[in-house]
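Enquirer: A predicted structure for the sequence below; I have some questions about it.
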Amino acid sequence: MVIATLFDFDGVLVDSEPVHLAAFNDVLAPLGMGIDTRTYSERYLSFDDAGVFRDVLAAAGGTPDEQQVRSFVEAKSPRFLARFANGFRAFPGAAELVARRAARGPVGIVSGALESEISFALAKMGVASAVAFIVSAERTAASKPDPAPYWLALEELRRMGHLSGAVVVEDSLGGVTSAKRAMLRCVAVAHSYSAAELTNAGADAVVDDLASLTDALLEQGA
């Protein structure tokens with residue numbers, strides 16, 4: 001059976017979460033607000049940009065205005081890309097893993113990042129042509145842990161004529177929850193959370209690094 005692979009992006013293939021945090025704070029600092037590393041890790045890893053800004057504004061006692069949220073998202077993107085371009089880092093084996101899985105079935109990216117950010121990184125990794133589709137923050141009304149991003153990925157696979165199953169690769173608790181709510185098998189990489197935390201969130205299997213994501217493990221039970 002041909003199995004599709006649906007990768008989360010930040011924290012799975014690219015080590016970009018610290019860059020996102022810095023870019024969020026670039027936007028928030030002039031307003032006297034900010035996000036510390038612990039809060040970002042514990043609360044925001046699976047959120048899209050709009051969700052982070054909404055939550056931060058609400059926590060500060062404000063009523064999030066959607067126009068303001070959109071302006072913050074637009075302001076963050078160039079700051080993120082500038083920082084990322086200067087300190088780009090893919091996790092070891094990421095490009096090889098994407099290419100290997102693409103040779104076995106469709107590969108999709110399902111992420112709360114903006115499509116321009118994902119496309120930039122895929123090009124830097126040299127695997128843009130190996131990815132069949134991208135479900136980015138702009139394409140879904142709700143972000144992880146809502147299952148909406150993975151529901152949309154399944155729709156993409158159906159449009160491609162792929163009906164034989166998919167496996168998700170995630171790193172965050174919210175991402176695992178999103179995948180499981182969409183009734184998908186999920187293998188988690190312990191880049192951002194411990195194996196115990198990911199297992200408790202519902203991951204079907206947990207590995208320490210990308211090198212441990214063998215085809216046999218990803219296709220187990222297919």
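Expert: Looks like it came in fine. Residues are numbered from 1 along each chain as shown.
Enquirer: Now do stretch 150-163: distance to the chain's middle.
Expert: Between the mean C-alpha point of stretch 150-163 and the mean C-alpha point of its chain there is a distance of 18 Å (CA atoms, centre = their mean, to the nearest Å).
Enquirer: and what of stretch 146-166?
Expert: With CA atoms, centre = their mean, you get 16 Å for stretch 146-166.
Enquirer: ok, residues contacting that stretch?
Expert: The set of residues external to stretch 146-166 that reach it, using CB atoms under 8 Å, 6 or more residues apart in numbering, is 1-6, 105-106, 108, 110-112, 132-133, 135, 139-143, 168, 178-179, 181-182, 184-185, 222. For every residue, glycine as well, the C-beta is placed using N, CA and C.
Enquirer: And the pLDDT at the closest residue to F24 other than its chain neighbours?
Expert: Taking CB to CB, 6 or more residues apart in numbering as the measure, F24 lies nearest to I35, with 5.6 Å between them; neighbours along the chain are not counted. The predicted local confidence for I35 comes out at a pLDDT of 97.
Enquirer: got the contact list for I35?
Expert: For I35, the set of contacting residues under the criterion of CB under 8 Å, 6+ apart consists of L21, F24, N25, L28, Y44, V52, V56.
Enquirer: Kindly reformat those residues as CSV containing secondary structure and pLDDT.
Expert: Compiled in CSV, these are given as follows (DSSP: H, G, I helix; E, B strand; the rest coil; pLDDT from 0 to 100):
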residue, secondary structure, pLDDT
L21, helix, 96
F24, helix, 97
N25, helix, 97
L28, helix, 96
Y44, helix, 93
V52, helix, 95
V56, helix, 94
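Enquirer: Most neighbours out of those residues, which is it?
Expert: Note: the member of the contacts of I35 with the most neighbours is V52, at 26 neighbours, neighbours being other CB atoms under 10 Å.
Enquirer: So that residue sits against N25, correct?
Expert: No. Counting by CB atoms under 8 Å, V52 stays clear of N25, with 10.9 Å between them.
Enquirer: which residues of this structure fall in strands?
Expert: 4-7, 107-110, 133-135, 166-170, 185-189, 205-207 (DSSP state E).
Enquirer: between the ones you listed, which gets nearest to R70?
Expert: Of all those, strand 133-135 sits nearest to R70, with 19.6 Å by CB to CB.
Enquirer: quick one: the helices in this protein?
Expert: Secondary structure of the chain by DSSP state H: the helices cover 17-28, 37-39, 49-59, 66-86, 94-102, 115-125, 148-159, 173-181, 195-201, 215-218.
Enquirer: quick one, which of those is packed in tightest?
Expert: When neighbours are counted by mean count of other CB atoms under 10 Å, the highest per-stretch mean among these falls to helix 173-181, a mean of 25.
Enquirer: pLDDT averaged over that one - what is it?
Expert: For helix 173-181, the per-residue pLDDT averages 98.
Enquirer: Same question for stretch 64-71.
Expert: Mean per-residue pLDDT for stretch 64-71: 91.
Enquirer: try stretch 145-152
Expert: For stretch 145-152, the per-residue pLDDT averages 97.
Enquirer: now swap in stretch 82-94 and tell me
Expert: Mean pLDDT, stretch 82-94: 93.
Enquirer: All good on my end, thank you.
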